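> Quick one, structure for this:
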Amino acid sequence: MKIQKDIKDVKFYGTDMPVSENIVMASAAGWYVGAVCKDPDCGGMIVPFDRYSEYFATPEEVVKYYGNLLVEAA
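Residues are numbered from 1 along each chain as shown. As a prediction, the model looks like this:
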């Protein structure tokens with residue numbers, strides 16, 4: 001898992017299992033808009049939580065088509 005934003009700059013919401021704001025992420029399948037969480041079952045380790053878009057070849061394509069889902073685009 002890669003994320004385009006520095007993890008220290010990612011905002012998390014919630015207390016039991018904090019979930020991140022929407023961020024541009026990558027997996028072996030490509031780049032997408034998704035979220036990570038601090039998993040309490042893994043000692044608070046940051047792990048992928050959900051994917052909100054289809055996959056793209058580049059992070060720039062994700063922002064082009066889904067920038068409205070990202071906080072920075074507001």
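> quick one: the strands in this structure?
All strands of the chain, identified by DSSP state E, fall at 2-3, 12-13, 19-20, 23-27, 30-39, 45-51.
> Distance from stretch 36-48 to the middle of the chain?
From the chain centre to the centre of stretch 36-48 is a distance of 13 Å (C-alpha atoms, centre = their mean, to the nearest Å).
> Pull the residues that contact that stretch.
1, 3, 7, 10, 12, 16-20, 23, 25, 27, 34-35, 49 (C-beta atoms under 8 Å, 6 or more residues apart in numbering). (Each C-beta comes from the backbone N, C-alpha and C, glycine too.)
> let's see 7 Å
Residues from elsewhere that reach stretch 36-48 (C-beta atoms under 7 Å, 6 or more residues apart in numbering): 1, 7, 12, 16-20, 34, 49.
> so where is the protein shaky, pLDDT-wise?
Scanning the chain with the threshold set as pLDDT under 70 gives 72-74.
> one more time with 50, if that's ok
73-74 (pLDDT under 50).
> Please report phi then psi for Lys5.
phi -100, psi 150 (degrees, to the nearest 10).
> Please report the distance of Asp9 from Pro40.
For Asp9, the distance to Pro40 (C-beta to C-beta, to the nearest Å) stands at 22 Å.
> Surely Trp31 and Ile23 touch.
No. Judged on C-beta atoms under 7 Å, Trp31 makes no contact with Ile23 at a distance of 10.8 Å.
> Asp9 and Pro40: which is more packed in?
In terms of neighbours (other C-beta atoms under 10 Å), Pro40 is the more surrounded of Asp9 and Pro40; the figures are 12 against 9.
> list the contacts for Lys2?
25-26.
> Check the one 10 residues further on too.
Residues in contact with Phe12, defined by C-beta under 7 Å, 6+ apart, are 18-20, 38.
> Can you say which of the strands of the chain is nearest to Ala57?
strand 30-39 (6.1 Å; C-beta to C-beta).
> All set now, cheers.
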